[in-house]
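Enquirer: quick one: sequence plus predicted model below, questions after.
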Amino acid sequence: MPSSEHHDRVVLITGAGKGIGRQMAIAFAEGGSSVALASRTRSDVDAVADEVREAGSRRAHGFTVDVASKMSVDALFDDVMATYGRIDVLVNNAGIYINQPALEMSEEVWDTMFDINVKGVFFCSCRAAREMIEAGSGKIISISSILSRVCQDGYAAYGASKAGVEQLTRVLALEWAAHGIAVNAVAPTSTVTRETAARLSTPEALAKAEERIPLGRYCDASDVIGAVTYLASPAADFVTGQTLYIDGGLSLP
């Protein structure tokens, strides 16, 4: 698994209770970062914090947050600042997807998807930027999806929400560049994690991947982690406003 090589940095990851967020937290810890883990479920995030400490982080704490609520986001950042004193890297990983045909989608489902996937990214990013402006630097990385770029039945709302994340990335990068803040996004295709392995590792799934993805497999969590840790590292200090597609060539014409 890639190392973040971020000694003495404080990294805040939303959606860190499972999946890619969990593995991302461990990778940053292995690189020496202090890690703040945020999730809606206290038991999940506390379990990951224990794993992160075992992986080598000197400091790892779990926090609860509902990114769809600005009040909850503000409370999270207050708690993280009180605990760590600063935030060097924010990873907007919290997200939700619902596969549903457009004509069957309710207003409630649409609103939930946009509240978490777009509103949550926006207000977490804004609050992080306020802290980073004081410090004079920072990195904000949001997890998008290849479905922002590739059309697939049933993902009208999800694809639109992730396209919104990528436009937010560009605009916020422009607005905050003068403050030394880099804002980027990572857009993976379907990703194999501990939670999705049973679905994406079947012979049928692998055959579908070989048919649709030029590199012949689904994305692995380590592929996403490598992209995120790169964008968070000094090697990407001159990169901002970009979306890095981790899709094995799926989005190629």
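Expert: Structure's in. What do you need?
Enquirer: nearest residue to residue 180 in space, ignoring adjacent ones along the chain?
Expert: Take residue 180 and drop its neighbours on the chain: the residue closest to it by CB to CB, 6 or more residues apart in numbering is residue 137, 4.0 Å away. C-betas here are computed from N, CA, C, even on glycine.
Enquirer: ok, now which ones touch residue 195?
Expert: Contact analysis of residue 195 by CB atoms under 8 Å, 6 or more residues apart in numbering lists 18-19.
Enquirer: count of neighbours near residue 40?
Expert: Using other CB atoms under 10 Å, residue 40 has 17 neighbouring residues.
Enquirer: oh, I was asking about residue 71
Expert: By other CB under 10 Å, the residues close to residue 71 number 9.
Enquirer: tell me what the helix or strand hosting it is packed against?
Expert: Assigned by DSSP states H and E, residue 71 falls within helix 70-84. Here helix 70-84 touches strand 10-14, strand 34-39, strand 60-64, helix 120-135, going by 3 or more CB pairs under 8 Å, 6 or more residues apart in numbering; DSSP states H and E.
Enquirer: could I get those as JSON lines with mean pLDDT?
Expert: Converted to JSON lines, the helices and strands packed on helix 70-84 look like this (pLDDT from 0 to 100):
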{"stretch": "strand 10-14", "mean pLDDT": "97"}
{"stretch": "strand 34-39", "mean pLDDT": "95"}
{"stretch": "strand 60-64", "mean pLDDT": "95"}
{"stretch": "helix 120-135", "mean pLDDT": "97"}
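Enquirer: dump the ones you listed into TSV; add mean neighbour count as well.
Expert: Formatted as TSV, these follow (neighbours: other CB atoms under 10 Å):
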stretch	mean neighbour count
strand 10-14	28
strand 34-39	29
strand 60-64	21
helix 120-135	20
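Enquirer: quick one: which of the ones you listed is nearest residue 84?
Expert: strand 10-14 (4.6 Å; CB to CB).
Enquirer: now do that closest one: distance to the chain's middle.
Expert: Mean-position distance between strand 10-14 and its chain equals 10 Å (CA atoms, centre = their mean, to the nearest Å).
Enquirer: which residues sit against the helix or strand following it?
Expert: Using DSSP H and E, the helix or strand that directly follows strand 10-14 along the chain is helix 19-30. Applying CB under 8 Å, 6+ apart, the external contacts of helix 19-30 come out as 1-4, 6, 11, 13-16, 35, 37, 39, 48, 51-53, 55-57, 60, 89, 91, 93-94, 143, 191, 193-196, 221-222, 224-225, 228-229, 232.
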